[in-house]
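S.K.: sequence and predicted structure are below.
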Amino acid sequence: MRIAIVIPIFNDWDSFVILVRELDRALAGANASVEVLPVDDGSTDPVPCPEKRLGDLQTIGRVELVRLVCNLGHQRAIATALAEVHRRGTFDVVCVMDGDGEDRPQDLLSLIREHYRYPDHVIVARRCERSEGLVFRTFYALYKATFAAITGRRIDFGNFCLIPAKALERIVHFPDVWNHLAAALVKSRLLIRKQDLPRGTRYAGRSKMNLVSLVTHGLSAVSAFSDAAFVRMLLLSLLLATACAGGLLTVMMVRLLTDMAIPGWASTVSGILLILLAQTVMFSVVAVFLNLSSRCSRNMIPATDALRFIRDCTTLARR
């Protein structure tokens, strides 16, 4: 079996060198032709003499650096690399993993074994143990609950996955993979097999992920299901508009038909309800037009559009 391993990197070269060495040891019994394709996502730090640091490879056939012309972001770097692997058409499967050690090299064998059992499925790693702190896990649980409420979908896996060549063709023609790989896999209706695996710890340095990146990543997942989110928000707006209209009718009936009214209160409450009603209707109308206009715009297709972001490909090491 011919395996391509895609690893997005931004300045994290120390962890990458350790990862390649670990992969070379872990895949010794895989009986496969393995090539590693690190994606340099516009790193500002130079590659630190990889030929010497990677040493003699025993299992990995080649390490080829795919250098992008600018920093696209983690997900778009992955999408570009997947498009490049698809363009070459020389691999049976492609694996995606982070380069910091949190996706453990030995777990790649579990994904490969699962692939042999389910060759038509995309095999994804579902975290059964996490190494992050309590604060991160709490906010992550809140995010997953909010995501499920907005989209009606559930995503309990990340980038660490194995994609068969046949499924890769479908993925790289899917616009949503440009923003969020896991959401695109769920939306693509491909067969997905989940493998429970623990999360590892970083080899070196600190994570480049910050609050802005996390929020953007979460919203990118929601954007893949914008149609479902739009319908739910529209229904919620209509429900709120109906409640405002009912409140206005109740105020008018109390004001005109009973002696319970306090001077001035009916005007104040009616004004507040009218403002809420107007804002709700305005939001619904704007949302409808934005949603309809987005259907006429051209989507980003990684298979044809992402390859222009590749500056060059350089072999870093060979067996």
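M.R.: Received it, and whenever you're ready, just let me know what you need.
S.K.: all helices of this structure, in order?
M.R.: Along the chain, counting by DSSP state H, helices occupy 13-26, 50-54, 74-88, 105-117, 134-151, 165-171, 181-187, 211-223, 226-257, 265-294, 302-305.
S.K.: pick out the shakiest of those, pLDDT-wise.
M.R.: Across these, helix 50-54 has the smallest mean pLDDT, namely a mean of 64.
S.K.: mind putting the helices of the chain into TSV with mean neighbour count?
M.R.: The way it works is simple: take the backbone N, C-alpha and C, and place the C-beta from them, glycine included. Formatted as TSV, the helices of the chain follow (neighbours: other Cβ atoms under 10 Å):
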stretch	mean neighbour count
helix 13-26	20
helix 50-54	15
helix 74-88	23
helix 105-117	17
helix 134-151	13
helix 165-171	18
helix 181-187	23
helix 211-223	15
helix 226-257	14
helix 265-294	13
helix 302-305	18
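S.K.: can you say which of the ones you listed is nearest to residue 94?
M.R.: Closest to residue 94 of the helices of the chain is helix 74-88 (Cβ to Cβ; 4.9 Å).
S.K.: what about dumping the CA coordinates of the closest one to PDB?
M.R.: Presented in PDB, the C-alpha positions along helix 74-88 are these (Å, rounded to 0.1, in the frame of the first residue of the first chain):
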ATOM      1  CA  HIS A  74      -4.000  25.300   9.300                       C
ATOM      2  CA  GLN A  75      -7.100  24.000   7.500                       C
ATOM      3  CA  ARG A  76      -6.300  25.600   4.100                       C
ATOM      4  CA  ALA A  77      -2.800  24.200   4.200                       C
ATOM      5  CA  ILE A  78      -4.300  20.700   4.700                       C
ATOM      6  CA  ALA A  79      -6.700  21.300   1.800                       C
ATOM      7  CA  THR A  80      -3.900  22.400  -0.500                       C
ATOM      8  CA  ALA A  81      -1.800  19.300   0.400                       C
ATOM      9  CA  LEU A  82      -4.800  17.000  -0.200                       C
ATOM     10  CA  ALA A  83      -5.300  18.600  -3.600                       C
ATOM     11  CA  GLU A  84      -1.600  18.000  -4.400                       C
ATOM     12  CA  VAL A  85      -1.800  14.400  -3.300                       C
ATOM     13  CA  HIS A  86      -4.900  13.900  -5.500                       C
ATOM     14  CA  ARG A  87      -3.200  15.600  -8.400                       C
ATOM     15  CA  ARG A  88      -0.300  13.200  -8.300                       C
END
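S.K.: coming back round to it: nearest to residue 99, out of the helices of the chain?
M.R.: helix 13-26 (4.6 Å).
S.K.: circling back: output the helices of the chain as TSV; include the columns distance to residue 318.
M.R.: Output for those, formatted as TSV (distance: least, Cβ to Cβ, whole Å):
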stretch	distance to residue 318
helix 13-26	12
helix 50-54	10
helix 74-88	17
helix 105-117	19
helix 134-151	39
helix 165-171	23
helix 181-187	29
helix 211-223	34
helix 226-257	44
helix 265-294	46
helix 302-305	28
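S.K.: ok, which of the ones you listed comes nearest residue 311?
M.R.: Among those, the nearest to residue 311 by Cβ to Cβ is helix 74-88 (10.9 Å).
S.K.: what angle separates that closest one from helix 211-223?
M.R.: Here helix 74-88 runs at an angle of 60 degrees relative to helix 211-223 (axes from the mean of the first three to the mean of the last three Cα atoms, to 10 degrees).
S.K.: right, I'll leave it there.
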